[in-house]
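**Student:** Just a sequence and a predicted model for now, questions to come.
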Amino acid sequence: MPLKALSRQEVDARLAELPGWSVEGDRLTRAYDLGSHLAAAALVGDIARVQDELDHHSDLTLGYRTVTLAVNTHSAGDAVTEADIALACRVEALASGHGAT
């Protein structure tokens, strides 16, 4: 079953559960600060494993002590869908375990 684009109101309601996440253009985005480059790289590895598990991948950028994600669903016309929300929720759980802010 194809994923359905969420309305802006639906996205906003779901973002209330995801502090730090926002909509930029047509994507959900979040940047995390970590204590070191090694901690940031470890988070990237864990996020990559979750993305493979969900078969849903974001743009994932590793900086010196930062990790940035941007995600939408290409098969839904580059819109935000429940798959993007599910990925964001999983990433939030991982990030807190890595001490990300």
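**Tutor:** Sure thing, it's come through. Numbers count the residues shown, from 1 in each chain.

**Student:** Grab the most central residue of this structure for me.
**Tutor:** In the chain, the C-alpha nearest the mean C-alpha coordinate belongs to residue 88, at 3.9 Å (C-alpha atoms, centre = their mean).

**Student:** wait, isn't that residue in contact with residue 70?
**Tutor:** No - using C-beta atoms under 8 Å, residue 88 makes no contact with residue 70, being 10.8 Å away. The C-beta positions use only the backbone N, C-alpha and C, and glycine is treated the same way.

**Student:** Are there residues contacting both of these two? Which ones?
**Tutor:** Common contact partners of residue 88 and residue 70 (C-beta atoms under 8 Å, 6 or more residues apart in numbering): residue 28.

**Student:** Could you pull out the buried residues of the longest helix along the chain?
**Tutor:** Counting residues, the longest helix found in the chain (DSSP state H) is helix 37-54. For helix 37-54, the neighbour count (16 or more other C-beta atoms under 10 Å) marks 39, 40, 43, 44, 46, 47, 50, 51 as buried.

**Student:** Could you check how many residues crowd around the nearest residue to the first one once chain neighbours are set aside?
**Tutor:** Think residue 39. Excluding the flanking residues, the one nearest residue 39 by C-beta to C-beta, 6 or more residues apart in numbering is residue 98, at 6.0 Å. By the measure other C-beta atoms under 10 Å, the count of residues near residue 98 is 17.

**Student:** For residue 98, give me its contacts.
**Tutor:** By C-beta under 8 Å, 6+ apart, residue 98 lies in contact with 34, 39, 42, 43, 46.

**Student:** And the pLDDT at it?
**Tutor:** Here, the pLDDT recorded for residue 98 equals 95.
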